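**Q** Sequence and computational prediction follow.
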Amino acid sequence: MTDVHIAVGEADFDPAVQLARLEALGGGAVASFTGIVRGGDGLQAMQLDHYPAMTDAQIARIVDEAQGRWPLLGVVVIHRVGELRPGERIVFVGTASAHRAASLESCAFLIDWLKTSAPFWKKERFDDGRAEWVEARAEDDAARDRWG
Amino acid sequence: MTDVHIAVGEADFDPAVQLARLEALGGGAVASFTGIVRGGDGLQAMQLDHYPAMTDAQIARIVDEAQGRWPLLGVVVIHRVGELRPGERIVFVGTASAHRAASLESCAFLIDWLKTSAPFWKKERFDDGRAEWVEARAEDDAARDRWG
Amino acid sequence: MVTLDILYFSWVREGVGKDGETIDHPGAEVTVSELIARLAERGEGYAQAFAQTDRVRAALDQQFVPLDTRLGQAKELALFPPVTGG
Amino acid sequence: MVTLDILYFSWVREGVGKDGETIDHPGAEVTVSELIARLAERGEGYAQAFAQTDRVRAALDQQFVPLDTRLGQAKELALFPPVTGG
């Protein structure tokens, strides 16, 4: 039975709380990834939209896929929406397993799949007034496709 | 300039403090791995020995190797020694980079190399009085070798 | 009367100028592509939003589908650009 | 008098029965393997610790080296099993 925690919302989260949750499951390995809004190029804020009726279900499907590939004791996926400023956390993926390869690989798998298969869209707003939707990148599709 | 933090000692550590350090470096991606003593099979405690004069320098070499392979903003490697009980943290590896692939890959690289190229030895002590040195595993060598 | 809820996201929403709308269901045999072509004929905003169909993705009842998928009994169609979360 | 510090770890240390010792330097041309063979002749604990040299690893002046490496000017030799940290 895998301990699964999925959350999508505007609120910030505490990676420490999530790591503690995963460390407590009795496995020997916990891996995590945190995505953060990068500053630079005059970026003022990022607006994250999503498809609320679909988002949770789609993340649950991605987590199911990971559970089918690796023996996981726990999975945490948190994705924020709304307006986020440089330095703010966007996304957290954490996994716990008996052994390190399963935790590390499933963590990388989950973030690669979230990037390409969960219904989120980013818009960047710059100091000079420009606002642009982020374009999907071919290298993100390639990163997902390497998992077969 | 990569922010590097290496620590080897008996004291426990707080992964949250290390993640916060890495998140503050301005990158978009922070990855971490925490190794924990797994219980079961009557394991009472694990004794971690090391070669003090060599350990820090050898970990620094491994971190240098990772910096040569990926553009890293920060690296944290913490490895505990002494007696550790089930549920206790053994090792932490954290990396920060502009992009996720660099942080995830370098994190996996560092733990694979620590397993096979840093002078630590584990002895397991069981409830029934048995005490056994952990044997090196061929799959750990294979995990390191896949990095070429 | 059977209806179909259409939802728009990201720059598709901005082009169309609304979050979504409910239309008479065009029929189970109609594909997503065909419906997009009909929507594009509605005028300025729609035409712009659907000018490049290779940049549009779709979900039927909250499942991603290729654009040549038939609407079938679906009650909700979402149209949007490739996702960029994570 | 030139000396060589030898350090033992893990079950090599337990076999030999000590953490380390200082010996007269056997000479720059002597390899780690040759020195291990001489140590193994010292008797019970040493013989047991070095019974299977394919299970022994070495570091010279805190750098891992293959067992056929010559001692050279090294001041410190460590002998131990394959590492198992992480």
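**A** Looks like it arrived, so ask away.

**Q** got a list of what the closest residue to chain D within chain A touches?
**A** The nearest approach of chain A to chain D comes at residue A:100, 7.8 Å away (CB to the nearest CB). Every C-beta, even on glycine, is put in place using the N, C-alpha and C of the backbone. Residues in contact with residue A:100 (CB atoms under 8 Å, 6 or more residues apart in numbering or on different chains) are A:28-29, A:31, B:33, B:35, B:111, D:86.

**Q** So what does it look like in phi/psi?
**A** phi -70, psi -40 (degrees, to the nearest 10).

**Q** which residue ranges form the strands in chain A?
**A** Assigned by DSSP state E, chain A shows strands spanning A:3-9, A:29-36, A:43-50, A:72-80, A:82-84, A:89-97, A:120-126, A:131-133.

**Q** a markdown table for the ones you listed, including mean neighbour count and mean pLDDT?
**A** Formatted as a markdown table, the strands of chain A follow (neighbours: other CB atoms under 10 Å in any protein chain shown; pLDDT from 0 to 100):
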| stretch | mean neighbour count | mean pLDDT |
| --- | --- | --- |
| strand A:3-9 | 15 | 97 |
| strand A:29-36 | 27 | 98 |
| strand A:43-50 | 18 | 97 |
| strand A:72-80 | 25 | 98 |
| strand A:82-84 | 15 | 98 |
| strand A:89-97 | 26 | 98 |
| strand A:120-126 | 19 | 97 |
| strand A:131-133 | 13 | 96 |
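
**Q** any chance of the ones you listed in TSV, plus distance to chain B?
**A** Shown next, in TSV, are those (distance: least, CB to the nearest CB, whole Å):
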stretch	distance to chain B
strand A:3-9	15
strand A:29-36	4
strand A:43-50	11
strand A:72-80	10
strand A:82-84	12
strand A:89-97	7
strand A:120-126	12
strand A:131-133	17
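
**Q** right, so of these, which gets closest to residue D:71?
**A** Proximity to residue D:71 (CB to CB) singles out strand A:29-36 among the strands of chain A, at 39.6 Å.

**Q** Report the strands that pair with the closest one, each with its relative direction.
**A** Note on strand A:29-36: by DSSP bridges, its sheet partners are strand A:89-97 (antiparallel), strand B:29-36 (antiparallel).

**Q** What residues does chain C have near chain B?
**A** When proximity is defined as CB under 8 Å from any CB of the partner chain, chain C approaches chain B at residue C:86.

**Q** Where does chain C get nearest to chain D, residue-wise?
**A** Residue nearest to chain D within chain C (CB to the nearest CB): residue C:86, separated by 28.4 Å.

**Q** Check the burial of the closest residue in space to that residue that isn't next to it in sequence by counting its neighbours.
**A** Excluding its sequence neighbours, the residue lying closest to residue C:86 (CB to CB, 6 or more residues apart in numbering or on different chains) is residue A:115, at 3.5 Å. Residue A:115 has 23 neighbouring residues, counting by other CB atoms under 10 Å in any protein chain shown.

**Q** For residue A:123, which non-adjacent residue is spatially closest?
**A** residue A:47 is the one closest to residue A:123 (CB to CB, 6+ apart), at 4.3 Å.

**Q** For residue C:31, give me phi and psi.
**A** Residue torsions, per degrees, to the nearest 10, at residue C:31 are phi -90, psi 160.

**Q** Correct me if wrong: it contacts residue C:65.
**A** No - counting by CB atoms under 8 Å, residue C:31 sits too far from residue C:65 to count as a contact (9.7 Å).

**Q** Quick one: residues contacting residue C:71.
**A** Counted by CB under 8 Å, 6+ apart, residue C:71 has contacts C:4, C:25-32, C:35, C:60, C:77.

**Q** Kindly report the residues of chain C close to chain A.
**A** Neighbours of chain A within chain C, by CB under 8 Å from any CB: C:7, C:9-11, C:59, C:62, C:64, C:76, C:78, C:80-86.

**Q** Filter those down to just the ones in strands.
**A** Going by DSSP E, the strands hold C:7, C:59, C:64, C:76, C:78, C:80 from these.

**Q** where's the nearest residue to residue C:85 once chain neighbours are set aside relative to residue A:133, distance?
**A** Leaving aside its sequence neighbours, residue C:85 sits nearest to residue A:120 (CB to CB, 6+ apart; 2.5 Å). Residue A:120 sits 12 Å away from residue A:133, going by CB to CB, to the nearest Å.

**Q** which neighbours do the two share?
**A** In contact with both residue A:120 and residue A:133: residue C:84, using CB under 8 Å, 6+ apart.

**Q** tell me the centre residue of chain C?
**A** Residue closest to the average C-alpha location in chain C (CA atoms, centre = their mean): residue C:79, at 3.8 Å.

**Q** again with chain A
**A** residue A:91 (4.2 Å).

**Q** mind listing what that residue touches?
**A** Contact partners of residue A:91, counting by CB under 8 Å, 6+ apart, are A:33-35, A:77-80, A:111, A:114, C:85-86.

**Q** That one - nearest residue in space that isn't next to it in sequence?
**A** Using CB to CB, 6+ apart, the nearest residue to residue A:91 is residue A:35, at 4.1 Å.

**Q** Which strand residues bridge that neighbour?
**A** On the basis of DSSP bridges, residue A:35 is bridged to residue A:91, residue B:29.

**Q** Let me see the contact set for the residue in chain C that chain A sits nearest to.
**A** Of the residues in chain C, the one nearest chain A is residue C:85, at a distance of 2.5 Å by CB to the nearest CB. By CB under 8 Å, 6+ apart, the contact set of residue C:85 is A:48, A:50, A:79, A:91, A:114-115, A:118-122.

**Q** Swap in 10 Å and give it another go.
**A** Listed by CB atoms under 10 Å, 6 or more residues apart in numbering or on different chains, the contact set of residue C:85 reads A:8, A:35, A:48-50, A:55, A:59, A:79-81, A:90-91, A:114-122, A:134.

**Q** quick one, what contacts the residue in chain A sticking out farthest from the centre?
**A** When distances are taken from the C-alpha mean of chain A, residue A:128 lies farthest, 29.3 Å away, according to CA atoms, centre = their mean. Shown in contact with residue A:128 (CB under 10 Å, 6+ apart): A:42, A:44.

**Q** Leaving out the residues flanking it, which one is nearest to residue 39?
**A** Just so you know, I chose chain A. Nearest to residue A:39 is residue A:86, by CB to CB, 6+ apart, at 3.3 Å.

**Q** Switch to chain C, please.
**A** residue C:46 is the one closest to residue C:39 (CB to CB, 6+ apart), at 5.1 Å.

**Q** How about residue A:53?
**A** residue C:62 (5.7 Å).

**Q** check contacts around that neighbour.
**A** A:51, A:53-58, A:119, C:7, C:74, C:76, C:78.

**Q** Neighbour count added to those, as CSV?
**A** Output for the contacts of residue C:62, formatted as CSV (neighbours: other CB atoms under 10 Å in any protein chain shown):
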residue, neighbour count
A:51, 20
A:53, 16
A:54, 20
A:55, 19
A:56, 17
A:57, 13
A:58, 24
A:119, 24
C:7, 21
C:74, 19
C:76, 16
C:78, 24
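
**Q** The residues you listed: which two are farthest apart?
**A** Among the contacts of residue C:62, A:56 and C:74 lie farthest apart (CB to CB), at 19.3 Å.
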